[in-house]
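Colleague: Attaching a predicted model along with its sequence, questions to come.
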Amino acid sequence: MQWETVIGLEVHTQLATRSKIFSGSSTAFGAAPNTQASAVDIALPGVLPVLNRGAVECAIKFGLAIGATLNRINVFDRKSYFYPDLPKGYQISQLAKPIVEGGALNIVVGDTERSIRLTRAHMEEDAGKSLHEDFHGMTGIDLNRAGTPLLEIVSEPEMRSSAEAVAYARALHTLVTWIGICDGNMQEGSFRVDANVSVRPVGQVELGTRREIKNLNSFRFLQQAIDYEVRWQIETLEDGGRIEQATVLFDPDRGETRMMRSKEEAHDYRYFPDPDLLPVKLDEDWIEAVRATLPELPVAMQVRFQHDYGVSAYDAAVLTGSRALADYFETAAQACGQGKLAANWVMGELSAALNKAELDIAQSPVSAAHLGALIARIQDGTLSGKLAKQVFEGLWEGAGEVDAIIEARGLKQMSDSGELEKIIDAVLAANPKSVEEFRAGKEKAFNALVGQVMKASRGKANPAQVNELLKARLQ
Amino acid sequence: MSEPSLSTLAAQLASKQISSRELAQAYLDRIAALNPAINAFITVDAEKTLFEAAAADALIAAGQAGPLTGVPIAHKDIFCTDGWLTTCGSKMLHNFVAPYDAHVIQRFKAAGMPSLGKTNMDEFAMGSSNETSYFGAVKNPWNPAYVPGGSSGGAAACVAARMAPAATGTDTGGSIRQPAALCGITGLKPTYGLVSRFGMIAFASSLDQAGPMAPSAEDCALLLNVMTGFDPNDSTSLDREKEDYTRDLDKPLAGLRVGLPREFFAEGLNSEVAAAVEIAVAELKKLGATTVDISLANSRLAIPVYYVLAPAEASSNLSRFDGVRYGYRAPEYGNLDDMYSKTRAQGFGAEVKRRILIGAYVLSHGYYDAYYLQAQKIRRLIADDFSEAFKVCDVILGPTAPGTAFKLGEKSDDPVEMYLNDLYTIPANLAGLPGMSLPCGFDARGLPIGLQLVGNYFSEAKMLNVAHQYQHVTDWHARQPATEGAS
């Protein structure tokens, strides 16, 4: 039987506000346990939540960026369950009236572009952390994270492969960091993915029973977990088994998903509107004020890059992989006036060097202005491509400005034809055999001679000029 | 002790006839003498009280006194008070010393009013007799065999017995007004949102409101001036201009339209209470008021609606008492779930558990629409009835409770009978309207009778005006129980 995979993602993004969603405590990561937990965060008797407008603005930005409906009145609900790192015994979230509904995100897998629709995005508070190690059979509770604002972003079950799920997650990651509502740090838990996975026979309309894989904190684990889960579900069904609705965890060491709780063990969260918080009202002035702070979005920038810099659709997509990369490219392209060349350098030499050094574009030792200056020197004939790579190495090492490196390392392309003619004469004299072969009609021999000339000039000869002069000499 | 009003005490303090320390000491002495029999206080800390009184004396000496500086006050043990045990009447918080002050406490501190201690109350404010307190029942100062009402029973009793010149209370379904009525004092529940709930341990967030309890309406007006005001720490606090609630006290009542809801004078009302309220109406008429018959038809549903909504919110609000971070934790338990269930089974009393169970039930999957949503709709209808009524009257008048105080233990085995005591007070909470109770007579057993005024939103000054004018021509509010063992 042919099976179709159906995936929907729920992504918890920590919003990049300085203080928590309902208290003034800091949200900074990594402080000593419970040093960023106020009376509100630890739920002392009598305390009350006060909504952080900054968190609402992050949600508005997101809604605008994905073309969603912003609910002008949205409501916080209480979601009740007992757990030691949930101080109030309920989490403040949004159930029936979330702030964001609808919207879509474009993904590219291979040559195919698809639009994935979003169901909703709602604001909620994060829980604290339970630390099960280091306490000799007891559990430590750290409430620093309790009350950190989250935007939970829920997609429609429209992805059909792990590759699409990863592409969606990456596109979402790009977007939330692009618009500055999330730092995107997956190790620190700023971007956590839950995947709802089911399979069904191809052609069946009805969805299969889903299992939810919780808390995937890397794109690689997302892919591995889905691939394992899909195989497991198909095998189970083909062996005559049934899929029970469940929540599972992915064990990256064993590459397997493991049952966390079944549907029977699922909580009744007893949702109801939080009477301590008024409904959130979004007026048009507020929305427009937030819209004015939005940067140019990736999709708009891709169109502009194709138009302004003549880069391909594919290159434009790659170059808008992050805001830092896009800004870098644009600065370099403007510095040299050579969009396509700049794109090639950014995606080629620079990316390779950054990957090798495991550096992010923001940490690049070569600034966009320097790269632009380098490309300008290629364009004006000062440098050949090969020499330019040597200059690039100099820039990477921090050896100074482009022209200074060219000067200091004597990398200027040879433009004095007299000097070049002398080299050519010497090469011809030293290679009579190649000359003879060329004259006998072997084109290959010509290339060998060009190579010899370039070598003798230590790469500084202009290859086009070499060709021209050599041809003239041999005729 | 004679019975000076807050304004008299303030004048004596200002003119240095008495110091705040002397005044506080006099009340502390009276508490020491009377409280063992009445049990109105959970915590008394003379040292803290006198320290605060000395600070008030310093303010007075420095000429920085406000209108009530130096006048002591007792606080219901539902308000978190920095450095004081704050129990909410529960074993669950029997050891909880609050590390911060509730907004209400901050305001009284800022006004220079020393705290006389923390008053007894029904556990988590759930009760109408003060019998559910972990710290024992409070006795009615008019007759110790009778309950003082609840949940602010300690507050009402300590004011009635003049162990404090005034007290704070909270009212979720009548918890200021009903004990005020049963103890023969004046108590006011303001419009929802007028007094910050920050630091007030939550029972039912959408209904809870703090207010003053004192012998007279004038006292309550002065206290309300201290308590009210916008608080950015409470999202339901109303940001509106500060009022002087004493401004209309002396206005004549000519032209006042008093609405009499026929549902509040129907079956179930004790005849002595009915008679006393009718005499009070006649008194107001003499002062120039006219009466209007009105109907609050949906009020008959107030109790069932309240006993869906209040437990729903309570079941959630009380989830934080889990033994993890503060308060009571069961001494022995197996795993985490066992710790939760033993802690909560041992830490909460029967009435609290009953309401948590009801609340969890009405919010559970499959029942939410039938109970919680339905109750919210009726809540709106009840509020709409009041809006209609206020088109034809200025205040609504009726009995505060269907009867006078009942005997200790008389209703504690029958929760529904107990719940009916709040029949007339609950509608104002559901609508968010201000309500107050003032003494209007005594029954044959010598127990006080209270009448209730319900006003439109933000009409506290009007209600206080009516009450003050009534108290100007009557002396029910000035009557005091005979107390033995006091100086």
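Modeller: It's in.

Colleague: From now on I want contacts and neighbour counts done on CA atoms only, so please keep to that.
Modeller: Will do.

Colleague: Skip the chain neighbours and tell me the closest residue to the residue in the stretch 301-450 of chain B that chain A sits nearest to.
Modeller: Closest contact between the stretch 301-450 of chain B and chain A, by CA to the nearest CA, is at residue B:320 (4.3 Å). Closest residue in space to residue B:320, ignoring its immediate chain neighbours: residue A:88 at 4.3 Å, by CA to CA, 6 or more residues apart in numbering or on different chains.

Colleague: count of neighbours near the one you found?
Modeller: Using other CA atoms under 10 Å in any protein chain shown, residue A:88 has 27 other residues around it.

Colleague: pretty sure it contacts residue B:319?
Modeller: Yes - look at residue A:88 against residue B:319 with CA atoms under 8 Å: they come within range, at 6.2 Å.

Colleague: show me what contacts the residue in the stretch 351-475 of chain A that chain B sits nearest to?
Modeller: Proximity of the stretch 351-475 of chain A to chain B (CA to the nearest CA) peaks at residue A:362, 40.2 Å away. Neighbouring residues of residue A:362 by CA atoms under 8 Å, 6 or more residues apart in numbering or on different chains: A:324, A:325.

Colleague: now with 10 Å?
Modeller: By CA atoms under 10 Å, 6 or more residues apart in numbering or on different chains, the contact list for residue A:362 reads A:323, A:324, A:325, A:327, A:328.

Colleague: Please determine how far the first one is located from residue B:449.
Modeller: It refers to residue A:323. Residue A:323 sits at a distance of 73 Å from residue B:449 (criterion: CA to CA, to the nearest Å).

Colleague: ok, the two, which is more surrounded?
Modeller: Ranked by neighbour count (other CA under 10 Å), residue A:323 and residue B:449 place residue B:449 first, with 32 against 23.

Colleague: I figured that one hits residue B:177, correct?
Modeller: No - between residue B:449 and residue B:177 there is no contact under CA atoms under 10 Å: 11.3 Å.

Colleague: Give the residues shared as contacts by those two.
Modeller: B:183, B:185, B:400, B:401, B:437, B:438.

Colleague: List the ones among the residues you listed that fall in helices.
Modeller: Among these, DSSP state H puts residue B:183 in helices.

Colleague: Considering only the shared contacts of residue B:449 and residue B:177, which also neighbour chain A?
Modeller: Among the shared contacts of residue B:449 and residue B:177, no residue lies close to chain A (CA under 10 Å from any CA of the partner chain).

Colleague: Among the shared contacts of residue B:449 and residue B:177, which one sits closest to residue B:277?
Modeller: residue B:400 (9.5 Å; CA to CA).

Colleague: The residue nearest to residue B:320: what's it in contact with?
Modeller: Shown in contact with residue A:88 (CA under 10 Å, 6+ apart): A:40-45, A:78, A:80-82, A:127, B:316-322.

Colleague: ok, now how distant is it from residue A:274?
Modeller: Separation of residue A:88 from residue A:274 (CA to CA) stands at 12 Å.

Colleague: Now for those two: what residues contact both?
Modeller: Residues touching both residue A:88 and residue A:274 (CA under 10 Å, 6+ apart) are A:78, B:316.

Colleague: Sort out which residues of stretch A:85-101 are buried, please.
Modeller: Within stretch A:85-101, the residues that count as buried by 16 or more other CA atoms under 10 Å in any protein chain shown are A:85-95, A:97-101.

Colleague: Also stretch B:193-212?
Modeller: B:193-212.

Colleague: from the stretch 51-200 of chain A, which residue is nearest to chain B?
Modeller: Taking CA to the nearest CA, the stretch 51-200 of chain A has residue A:88 as its residue nearest chain B, at 4.3 Å.

Colleague: which SS state does that residue fall under?
Modeller: Here residue A:88 is recorded as coil under DSSP: H, G, I helix; E, B strand; the rest coil.

Colleague: Adding pLDDT and secondary structure, write the contacts of residue A:362 out as a markdown table.
Modeller: Shown next, in a markdown table, are the contacts of residue A:362 (pLDDT from 0 to 100; DSSP: H, G, I helix; E, B strand; the rest coil):
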| residue | pLDDT | secondary structure |
| --- | --- | --- |
| A:323 | 91 | helix |
| A:324 | 92 | helix |
| A:325 | 95 | helix |
| A:327 | 95 | helix |
| A:328 | 96 | helix |
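
Colleague: Could you report the neighbour count for residue A:54?
Modeller: Residue A:54 has 18 nearby residues by other CA under 10 Å.

Colleague: what's the answer for residue B:71, then?
Modeller: Here the number of neighbours of residue B:71 (other CA under 10 Å) works out to 29.

Colleague: if you skip the residues just before and after it, what's nearest to it?
Modeller: residue B:113 (5.3 Å).

Colleague: residue contacts, the one you found?
Modeller: Applying CA under 10 Å, 6+ apart, we find residue B:113 in contact with B:20, B:49, B:52-53, B:55-56, B:66, B:68-74, B:105, B:107, B:226.

Colleague: Likewise for residue A:38?
Modeller: Each residue near residue A:38 by CA under 10 Å, 6+ apart is listed here: A:23, A:24, A:25, A:26, A:44, A:47, A:143, A:144, A:146, A:147.

Colleague: Which residue does the stretch 251-400 of chain A have closest to chain B?
Modeller: residue A:270 (5.0 Å).

Colleague: so how far is residue B:369 from that residue?
Modeller: 12 Å.

Colleague: quick one, which of those two is more surrounded?
Modeller: Using other CA under 10 Å as the criterion, residue A:270 and residue B:369 rank with residue A:270 on top: 23 against 14.

Colleague: Quick check: what element follows the longest helix seen in chain B along the chain?
Modeller: In chain B, assigned by DSSP H, the helix with the most residues is helix B:20-38. The helix or strand immediately downstream of helix B:20-38 is strand B:41-43, counting by DSSP states H and E.

Colleague: what helices or strands is the very next helix or strand once past that following strand leaning on?
Modeller: As assigned by DSSP H and E, the chain's next helix or strand after strand B:41-43 is helix B:46-61. Judged by 3 or more CA pairs under 10 Å, 6 or more residues apart in numbering or on different chains; DSSP states H and E, helix B:46-61 is in contact with helix B:6-14, helix B:20-38, helix B:103-110, strand B:115-119.

Colleague: Throw the ones you listed into TSV and include distance to chain A, thanks.
Modeller: Shown next, in TSV, are the helices and strands packed on helix B:46-61 (distance: least, CA to the nearest CA, whole Å):
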stretch	distance to chain A
helix B:6-14	29
helix B:20-38	27
helix B:103-110	10
strand B:115-119	16
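
Colleague: Make CSV out of these and add mean pLDDT, distance to residue A:293 and mean neighbour count.
Modeller: As requested, the helices and strands packed on helix B:46-61 are exported to CSV (pLDDT from 0 to 100; distance: least, CA to CA, whole Å; neighbours: other CA atoms under 10 Å in any protein chain shown):
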stretch, mean pLDDT, distance to residue A:293, mean neighbour count
helix B:6-14, 95, 56, 19
helix B:20-38, 98, 57, 20
helix B:103-110, 98, 37, 20
strand B:115-119, 98, 51, 30
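
Colleague: can I get the ones you listed in JSON lines with distance to residue B:483?
Modeller: Output for the helices and strands packed on helix B:46-61, formatted as JSON lines (distance: least, CA to CA, whole Å):
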{"stretch": "helix B:6-14", "distance to residue B:483": "21"}
{"stretch": "helix B:20-38", "distance to residue B:483": "8"}
{"stretch": "helix B:103-110", "distance to residue B:483": "28"}
{"stretch": "strand B:115-119", "distance to residue B:483": "19"}
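
Colleague: Out of these, which gets nearest to residue B:365?
Modeller: Closest to residue B:365 of the helices and strands packed on helix B:46-61, according to CA to CA: helix B:103-110, at 36.0 Å.
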